[in-house]
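# Provided below for reference: sequence and predicted model.
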Amino acid sequence: MSTLAGTGTLLRFALRRDRVTTPVWIAVNALMVLSMPNTLQSLYGTDAERTGLVRQLQANASYRALIGPLHDTSLGALTAWRVGVYAGLLAAVTSLLVVVRHTRDEEETGRAELVASGAVGRRASLTAALLAAAVANAVLALLVTAGLAGQGTAGALAFGLGLGATGMVFATTAAIVAQLTESARLARGLTSAVLGAAFVLRAAGDSASSDGSSVWTWLSPLGWLENLRPFAAERWWVLLVFAAAVLLQGLAAYALAGRRDLGMSFFPARPGPAAGRLGSAAALAWRLQRGGVLGWSLGFFLAGVVYGGLTDGAADLVGDNRNAREIFERMGGQSGLTDAFLASMVGMLGLVAALYVVASVLRLHGEETSGRAEPLLAGPVGRLRWAAGHLTIAFAGAALIMLLAGAGFAVGYGRQVGPVLGACLVQLPAVWVIGGIAVLLYGLAPRLAPAAWGVAVAALLIGWVGPALNAPRLVLDLSPFGHLPKLPGGGMAWAPVLTLTGLAVVLAGAGLAGLRGRDVTG
């Protein structure tokens, strides 16, 4: 039997399973990219404004580290500069989630063993996972190319292919990591760490060089994307670098897949202690989630340091651009530009924290569907006690990472320590509402629990793209973050904070009531 037998069937099954989540990720990414030309046209409508922006970026290493260098003054080049790094990050995240889900997740839950008992080749599962990621990246590339074609066909094609190629690089990275680890959670965590390292390398290189020529930039796939230079005398040969990386990593993944037993890995997980340290359900929840909490904590602290360090240069970058100032004010309030910038950056971190709380809450869903929760609940552990351990980590962990983000701002900016810490903590009621929705969906309709990701992503999209598009107040108010006071700089309003907190408690309570009254699935 061929090692690829059954690949087509597994691919169709993977696409069917991902028919909701993957299109949402693709749509968010494409909308983020395609919304930029009109926004940037309103911000930098003249050649003089664009030329001034290039000069400011050449002198501002911090903003180059955050976004990347600008290679041309055309509207297409501005779009690739403004969203290229983050669209590449989102494509990479989508790809790694798809690959890990259809490889290591399937083995960890035992479904892969059932599938392998039929007429399925040894490498069919890995091939189907990579093809599913390739389909997702191809659709993203097609949407971006078609949507930006009006800015220049060659540049649009280069940008679309670059985003798809970035996604495939990290898809094959995830394929390798899935062979090395025995846990899907660890596979996602390690691949995300590689992605974070790629961002740091690119940032270090771009801060050192104004044209992306640093060696550090070239060590990162995200640096390859910007050095492809869409809409700025495209370097088509950079696509060969992507192709070589995908080919080499793909071959390595296939070689590793052929040298291990199903369900095993090259670095198996250590057996946990049978007694002592895991004396309660809460201790078990902490052991399962501590890596994620520590990783998010470090990331938020570093983000706070970076954004804090950028604050002093915000006024210089915006300059006299009235439209750019208005966007910051819509995101961060009608206070001075520095306070508006701080408020908008704190708000962005709050939006990202919503992703953390959803991931942490849905760990309950993963424990239940994998069958690990059932034997635990068969003992003297009640459902509410079991769930409380994970939910404490989810909601208290959100407070911890926002507090550390404020500490990072204190280190990077060095002023207004109290107001910035307060601004970070004010984001928590909205974060908790998103978490409460996740608990509600999990408790009442566990099959719909992954839809909580869509809620968090929708809030992120409204908060990020809405102010840039000058969306109506009715749209912005769909997100709980739209009701929070804009701090620092604005006045504190306790009514929406207390209302959102109460709503989060009600949603979580309803979800727990649903969990208590329904059957536990295996």
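Great, that's in hand. Computed from a predicted model, the values in this text were never measured in an experiment.

# and Leu222, how many neighbours does it have?
27 (other C-beta atoms under 10 Å). Backbone N, C-alpha and C define where each C-beta goes, glycine included.

# Likewise for Val120?
Number of residues near Val120 (other C-beta under 10 Å) recorded here: 21.

# Surely it and Gly8 touch.
No - taking C-beta atoms under 8 Å as the definition, Val120 is not a contact partner of Gly8, at 11.0 Å.

# For the strand or helix carrying Cys424, buried residues please.
Per DSSP states H and E: Cys424 is located in helix 417-426. By neighbour count with 16 or more other C-beta atoms under 10 Å, helix 417-426 contains the buried residues 419-426.

# Pick the one among those closest to Pro467.
Of all the buried residues of helix 417-426, Pro467 sits closest to Ala423, with 16.7 Å by C-beta to C-beta.

# can you tell me which residues contact that closest one?
342-343, 346, 406, 487-488 (C-beta atoms under 8 Å, 6 or more residues apart in numbering).

# what's the nearest residue to it once chain neighbours are set aside in contact with, if anything?
The spatial neighbour of Ala423 that comes closest, neighbours along the chain excluded (C-beta to C-beta, 6 or more residues apart in numbering), is Leu487 at 3.8 Å. The contact partners of Leu487, by C-beta under 8 Å, 6+ apart, come to 333, 343, 346, 419, 422-423, 426.

# farthest-separated two in these?
Gly333 and Gly422 (13.7 Å).

# Which parts of the stretch 51-200 of the chain are helices?
61-67, 75-102, 104-109, 111-116, 124-148, 153-180, 184-208 (DSSP state H, counting those that start in this stretch).

# name the helices or strands packed onto the third one?
The criterion is 3 or more C-beta pairs under 8 Å, 6 or more residues apart in numbering; DSSP states H and E, and the helices and strands that helix 104-109 contacts are helix 111-116, helix 184-208.

# Using CSV, write down the CA coordinates of that helix.
C-alpha atoms of helix 104-109 as CSV (Å, rounded to 0.1, in the frame of the first residue of the first chain):
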residue,chain,number,x,y,z
ARG,A,104,-0.7,15.7,16.7
ASP,A,105,-4.2,16.5,17.9
GLU,A,106,-5.6,13.5,16.0
GLU,A,107,-2.9,11.2,17.5
GLU,A,108,-3.4,12.5,21.0
THR,A,109,-7.2,11.9,21.0
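
# Give the buried residues for whatever helix or strand Leu310 lives in.
According to DSSP H and E, Leu310 maps onto helix 281-318. Neighbour counts over helix 281-318 (16+ other C-beta under 10 Å) mark 281-282, 284-286, 288-289, 292-293, 295-297, 299-311, 313-314, 317-318 as buried.

# Over to stretch 405-416?
405-410, 412-413, 416.

# So which of those residues sit within helices?
405-410, 412-413 (DSSP state H).

# Out of the residues you listed, which is nearest to Ala354?
Ala405 (13.3 Å).

# Contacts for stretch 380-394 next, please.
Residues contacting stretch 380-394 (C-beta under 8 Å, 6+ apart): 280-286, 288-289, 293, 356-357, 360-361, 363-364, 367, 373, 376-377, 435, 439, 508, 512, 515-516, 520.

# Please repeat the previous calculation with a cut-off of 7 Å.
For stretch 380-394, the surrounding residues in contact (C-beta atoms under 7 Å, 6 or more residues apart in numbering) are 281-282, 284-286, 289, 293, 357, 360-361, 363-364, 373, 376-377, 435, 439, 508, 512, 515-516.

# Relative to Ala423, how far out is Ala353?
From Ala353 over to Ala423 the distance is 13 Å, taken as C-beta to C-beta, to the nearest Å.

# Then Ser183?
Taking C-beta to C-beta, one finds Ser183 at 36 Å from Ala423.

# cool, and Leu288?
Remark: distance between Leu288 and Ala423 (C-beta to C-beta) = 31 Å.

# Low-confidence ranges, the stretch 101-250 of the chain, go.
In the prediction, the stretch 101-250 of the chain carries residues with pLDDT under 70 at positions 112-113, 115-118, 121.

# returning to that earlier point: the helix holding Cys424: how far from the chain's middle?
24 Å (C-alpha atoms, centre = their mean, to the nearest Å).

# which residues sit against the very next helix or strand once past it?
Using DSSP H and E, the next helix or strand after helix 417-426 towards the C-terminus is helix 428-444. Helix 428-444 is contacted from outside by 350, 353-354, 357-358, 361-362, 364-365, 391, 394-395, 398-399, 402, 448-449, 451-452, 455-456, 459, 480-481, 484, 497, 500-501, 503-504, 507-508, 510-515, using C-beta under 7 Å, 6+ apart.

# and Arg235, what helix or strand is that in?
Assigned by DSSP H and E, Arg235 falls within no helix or strand.

# before we move on, what SS does the closest residue to Phe159 other than its chain neighbours have?
Spatial nearest neighbour of Phe159, chain neighbours left out: Pro230 (3.7 Å); criterion: C-beta to C-beta, 6+ apart. Three-state call for Pro230 (DSSP: H, G, I helix; E, B strand; the rest coil): coil.

# contacting residues around Pro230?
Taking C-beta under 7 Å, 6+ apart, one finds 76, 80, 155, 158-159, 162 in contact with Pro230.

# Next one: it from Gly408, what distance?
Applying C-beta to C-beta to Pro230 and Gly408 gives a distance of 32 Å.

# next one: Leu78
Leu78 is 29 Å from Gly408, by C-beta to C-beta.

# now swap in Leu247 and tell me
39 Å.
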